[in-house]
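Novice: fold the following.
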Amino acid sequence: MAPPWMGVLNSSFHSMPPFTNADLPFATIEEIARLFRQRKLSPVELTSHLLVRIGKLDTKLNSFLTATPELAMKQAIQAEAELFAPRGRNLDRGPLHGIPISLKDNIYTEDIRTTAGSRILSKFIPRHDAAIVAQLKEAGAVILGKTNMHEFAYGVTSNNPHYGPVHNPWNLSRIPGGSSGGSAAAVAAGLCYGSIGTDTGGSIRIPAALCGVVGLKPTLGRVSVDGVIPLSPRLDCVGPLARTVHDVALLLEPILDRVKGEPRLPSSRKLSAKPLKFTLGVPREFFFDVISDEVRFVFEEALRVLKKQGGQLKEISLPLLNETEDAGNQIAWAEATHYHQQSGWFPSRVADYGDDVRSRLEMGTKVSATVYLSALDLRHEFLEQFHVALEDAGVDAVAVPTTPIAAPLIGQEAIRLAHKDYSTRALLLRANRPANLAGVPAITVPCGFTPAGLPVGLQLIGTVTDERLLLQIAAAIERAHPQPRHPSIS
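Specialist: Residues are numbered from 1 along each chain as shown. Model prediction:
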């Protein structure tokens, strides 16, 4: 039986766009926006198409916790009415107008369940939108639903004990990464054109890399976290995931808090213009101490291609890197536990947490004030060292593998590398924690596949407020490593 919202389809728009039904979900935001303005595709038709696709495919992915078909169709109808009104009376809110997206389920949405992937908040319905949701609505985005995630954003697998694991669309037996795993899986599978996630220790970049999409963590404080359920306030960031660098830029544009006089983010034309001359710093310590052979090969091949196209590479050193993991953990453990204590959930509702989250909250009770303050001191020292190192070396950004391994199997808690077992969680956090600790922007962009067909990501880390430059460099990497294929799910 057809869902009730199918009846609102506007029968006056049935001209086929230059995409097949299979290709349409993987078009870029820019391509869809152009079709809207040429009146070759309607927001209502497109939203209906994706809602049907979610209903068909998400039983296998489990990427959505709450679909919002009624809201999405209402927003699509409004977008169509505004965009397709007679010339002179129409309203164009910009490139996101009528574009279907999703939101991670720790972001407040008015009158829509917001669980943070937890049992504790399973019936929580916010009375207002998060600041970024209000901004995206003003930009005309259509919200398809709330995506599955690691419980309370406190993990990197999205193996959720309350709502079931999210599955990686490239291989359903593998994790998508986390904690924004549902967002990355939905984007990669063509269930939405972009998503908004959160990143405290890599929670945007890890799933983006494992699912073969682009994910950006902005500079700390550049995107509002008002109305986002916190994990660690001194590390938390909100940012976009999408299939292309330009789509990420379009999603970031309406939510980015600019410094005075800062220009808009680069357009698609500027991102694809004459190749940008840039120098990337490659720190050979830490990031390459523990890494799988297959990820190292794909990453180094990506650097070779960039070098052939004119990119310059320099080896640099960041001596405090080895201390960033522990410092980041101490801050996150203490702040997460403090928030859950303040909320009255821990330890009074300890049985309602999954085992892994409960154990980390217990670890947070053991972080002393002096250890926490020492971690904050190291954070300031590392940030200063990071900026000095890049300036002294004359490099524009740091280039490292986003994760040292490709997507592990669901439930695989340890990985063996070089005859030694490592925690899956620690491995996935390893290359991502430094950017959170320093509060600097970082972006991951797909750079190839392992022999098993699993995506590999290349991460760029820049200095404070360098989002624009990172997008330009990431676009060059994207041009050098185009992804002509998409996950095959039916």
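Novice: CA atoms for contacts and neighbours, from now on please.
Specialist: OK.
Novice: pLDDT score for the residue most central in space within the chain?
Specialist: What sits nearest the mean C-alpha location of the chain, by Cα atoms, centre = their mean, is I204, with 3.3 Å. Reading off the confidence values, I204 has pLDDT 98.
Novice: contact partners of the host helix or strand of L306?
Specialist: Element membership for L306 (DSSP states H and E) is helix 293-308. Contact with helix 293-308 is made by 288, 313, 400-401, 404-406, 447-451, 456-458, 477, 480-481, as judged by Cα atoms under 8 Å, 6 or more residues apart in numbering.
Novice: T68 against L144, yeah?
Specialist: Yes: between T68 and L144 there is a contact under Cα atoms under 8 Å: 5.4 Å.
Novice: settle it for me: which of those two has more neighbours?
Specialist: A direct count of neighbours by other Cα atoms under 10 Å for T68 and L144 places L144 higher, at 29 against 18.
Novice: tell me which residues are up against the helix or strand encompassing that one.
Specialist: When elements are assigned from DSSP H and E, L144 belongs to strand 142-147. With Cα under 8 Å, 6+ apart as the test, strand 142-147 has contacts from 47, 51, 63-69, 71-72, 75-76, 97-105, 114, 180, 182-183, 186, 192.
Novice: so which of those sit within helices?
Specialist: Among the contacts of strand 142-147, the ones falling in helices (DSSP state H) are T47, L51, P69, L71, A72, Q75, A76, G182, S183, A186.
Novice: could you dump these to TSV with pLDDT and neighbour count?
Specialist: TSV is the format used below for those (pLDDT from 0 to 100; neighbours: other Cα atoms under 10 Å):
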residue	pLDDT	neighbour count
T47	98	26
L51	98	24
P69	98	21
L71	98	16
A72	98	25
Q75	98	25
A76	98	28
G182	98	34
S183	98	37
A186	98	33
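Novice: E110: which of the residues you listed is nearest?
Specialist: Set against E110, the nearest of those by Cα to Cα is L71 (10.9 Å).
Novice: and the gap between that closest one and T47?
Specialist: Remark: distance between L71 and T47 (Cα to Cα, to the nearest Å) = 11 Å.
Novice: before we move on, what about D226?
Specialist: From D226 across to T47, the span is 28 Å (Cα to Cα).
Novice: could you do P404 as well?
Specialist: 37 Å.
Novice: cool, and K270?
Specialist: Counting by Cα to Cα, the gap from K270 to T47 is 29 Å.
Novice: surely L91 and E80 touch.
Specialist: No: look at L91 against E80 with Cα under 8 Å: they stay out of range, at 9.7 Å.
Novice: so which of the two has more stuff around it?
Specialist: The residue with more neighbours, out of L91 and E80, is E80; 23 against 16, by other Cα under 10 Å.
Novice: are we agreed that that one is in a helix?
Specialist: Yes: assessed with DSSP: H, G, I helix; E, B strand; the rest coil, E80 lies in a helix.
Novice: nearest residue to it other than its sequence neighbours?
Specialist: P43 (5.7 Å; Cα to Cα, 6 or more residues apart in numbering).
Novice: how about the contacts made by the one you found?
Specialist: F36, A76, I77, A79, E80, G98, I99.
Novice: with distance to R468 as extra columns, can I get these in JSON lines?
Specialist: Formatted as JSON lines, these follow (distance: Cα to Cα, whole Å):
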{"residue": "F36", "distance to R468": "27"}
{"residue": "A76", "distance to R468": "30"}
{"residue": "I77", "distance to R468": "33"}
{"residue": "A79", "distance to R468": "29"}
{"residue": "E80", "distance to R468": "31"}
{"residue": "G98", "distance to R468": "25"}
{"residue": "I99", "distance to R468": "23"}
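Novice: ranking those by neighbours, who comes first?
Specialist: Counting by other Cα under 10 Å, top hit in these: G98 with 33 neighbours.
Novice: my guess is the residue nearest to the centre of the chain contacts S180, does it?
Specialist: Yes: contact criterion Cα under 8 Å: I204 and S180 qualify, at 5.8 Å.
Novice: give me the common contacts of those two.
Specialist: G197, T198.
Novice: list the buried residues in stretch 51-61.
Specialist: Across stretch 51-61, burial judged by 16 or more other Cα atoms under 10 Å covers L51, V52, R53, I54, L57, D58, L61.
Novice: no, scratch that, I was asking about stretch 330-344
Specialist: Q330, I331, A332, W333, A334, E335, A336, T337, H338, Y339, H340.
Novice: just the residues contacting it, thanks.
Specialist: 230-235, 346-347, 360-365, 367, 371-372, 375-376.
Novice: pull out the buried residues from the residues you listed.
Specialist: If we count by 16+ other Cα under 10 Å, those have these buried: 230-235, 346, 360-362, 364, 367, 372, 375-376.
Novice: returning to that earlier point: if any of the contacts of helix 293-308 are buried, put those into a PyMOL selection.
Specialist: Isolation of the buried members of the contacts of helix 293-308 (16+ other Cα under 10 Å) is achieved in PyMOL through the command below:
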select buried, resi 313+400+401+404+405+406+447+448+449+450+456+457+458+477+480+481
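Novice: so which of the contacts of helix 293-308 are in strands?
Specialist: Within the contacts of helix 293-308, residues falling in strands by DSSP state E are L313, V400, P401, C447, G448, F449, V456, G457, L458.
Novice: in stretch 26-33, what's buried?
Specialist: F26, T28, I29, E30, I32, A33.
Novice: tell me which two in those residues are the farthest apart.
Specialist: It's F26 and A33 that sit farthest apart of these, by Cα to Cα, at 13.3 Å.
Novice: what residues are shared contacts of those two?
Specialist: Common neighbours of F26 and A33 (Cα under 8 Å, 6+ apart) do not exist.
Novice: mind listing what's buried along the helix or strand of the chain with the lowest mean pLDDT?
Specialist: Least confident helix or strand, the chain: helix 268-271 with a mean of 76, by mean pLDDT, DSSP states H and E. By neighbour count with 16+ other Cα under 10 Å, helix 268-271 contains the buried residues S268, L271.
Novice: can you start the count at 42 instead of 1 from here on
Specialist: Done: numbering now begins at 42, and the last item shifts to helix 309-312.
Novice: what helices or strands is it leaning on?
Specialist: Other helices and strands packing on helix 309-312, by 3 or more Cα pairs under 8 Å, 6 or more residues apart in numbering; DSSP states H and E, are helix 508-521.
Novice: elements contacting the helix it packs on?
Specialist: Using 3+ Cα pairs under 8 Å, 6+ apart: helix 508-521 touches helix 286-293, helix 309-312, helix 334-349, strand 483-490, strand 496-502.
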